[in-house]
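>>> All I have is the shape, not the residue letters:
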């Protein structure tokens with residue numbers, strides 16, 4: 001049985017893996033996250049999750065390790081809302097999401113040198129109406145700066161969510177049901193007391 005490596009800088013993904021008792025080590029990877037022309041949001045998140053896992057594999061000097069990669073995108077009207085570049089874009093995202101439903105797509109990929117699997121989870125999140133002053137106060141908190149769609153459901157942004165259909169952990173950044181299924185498929189441990 002090989003060791004598990006998480007190819008992610010996200011503290012939320014680390015916390016979610018720890019929540020289900022998965023022992024893992026971290027790998028720092030960097031890939032181009034530019035959407036390809038005509039690429040669907042579903043294809044995009046799956047490509048990025050697998051790309052991160054493969055980039056992590058390339059850093060390993062042995063062949064028995066498994067690398068977990070994940071990607072989350074907020075999709076409104078078929079358009080991917082990434083991490084806001086600045087305050088104006090962050091406020092525009094929040095106000096566009098205000099009073100509406102959007103989809104959150106999260107893909108998780110597990111890769112070894114000779115095989116890989118990818119799972120895609122789609123959730124629907126509905127926001128209550130958000131006024132401009134509230135959006136500005138939320139932006140000023142600093143929380144939305146590095147979040148897809150400009151909000152964090154596991155933080156202060158939770159107050160905007162009036163309804164969620166799908167996987168809460170996937171919206172945070174890692175679908176735990178599907179991740180556990182992948183770990184089981186690859187013979188990797190979970191529910192360990194001494195998870196990192």
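Cool, got the structure. These numbers come from a predicted model, not from an experiment. Numbers count the residues shown, from 1 in each chain.
>>> host element of the spatially most distant residue from the centre of the chain?
In terms of distance from the mean C-alpha position of the chain, residue 133 ranks first, at 28.0 Å (C-alpha atoms, centre = their mean). Taking DSSP states H and E as the definition, one finds residue 133 inside helix 132-140.
>>> cool, residue 93 as well?
Secondary structure assigned from DSSP H and E places residue 93 in helix 87-97.
>>> Against which helices or strands is that helix packed?
Counting contacts by 3 or more C-beta pairs under 8 Å, 6 or more residues apart in numbering; DSSP states H and E, helix 87-97 is packed against strand 66-76, strand 79-81, helix 132-140. Using the backbone N, CA and C atoms, a C-beta is placed for each residue, glycine as well.
>>> now those in JSON lines, with mean pLDDT and distance to residue 8?
Putting the helices and strands packed on helix 87-97 into JSON lines (pLDDT from 0 to 100; distance: least, C-beta to C-beta, whole Å) gives the following:
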{"stretch": "strand 66-76", "mean pLDDT": "97", "distance to residue 8": "6"}
{"stretch": "strand 79-81", "mean pLDDT": "95", "distance to residue 8": "19"}
{"stretch": "helix 132-140", "mean pLDDT": "98", "distance to residue 8": "24"}
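>>> With residue 51 as the reference, name the closest of these.
Set against residue 51 and scored by C-beta to C-beta, the helices and strands packed on helix 87-97 come closest in strand 66-76, at 7.0 Å.
>>> mind listing what's buried in that closest one?
Residues of strand 66-76 classed as buried: 66, 67, 68, 69, 70, 71, 72, 73, 74, 75 (neighbour count, 16 or more other C-beta atoms under 10 Å).
>>> just curious, which of the residues you listed is nearest to residue 144?
Lowest distance from residue 144 to the buried residues of strand 66-76 (C-beta to C-beta) belongs to residue 74, with 11.2 Å.
>>> ok, residues contacting the longest helix along the chain?
When secondary structure is assigned using DSSP state H, the longest helix within the chain turns out to be helix 41-59. Under the criterion C-beta atoms under 8 Å, 6 or more residues apart in numbering, residues 5, 7-8, 27, 29-31, 33, 35-36, 39, 65, 67-73, 75, 78, 80, 103, 105-113, 116, 118, 120, 122 lie in contact with helix 41-59.
>>> so where is this protein shaky, pLDDT-wise?
For the chain, the stretches flagged by pLDDT under 70 are 1, 62-63, 194-196.
>>> what about residue 88, neighbour count?
Residue 88 has 10 neighbouring residues, counting by other C-beta atoms under 10 Å.
>>> Roughly how far does it sit from residue 175?
Here residue 88 is placed at a distance of 32 Å from residue 175 (C-beta to C-beta, to the nearest Å).
>>> That'll do, ta.
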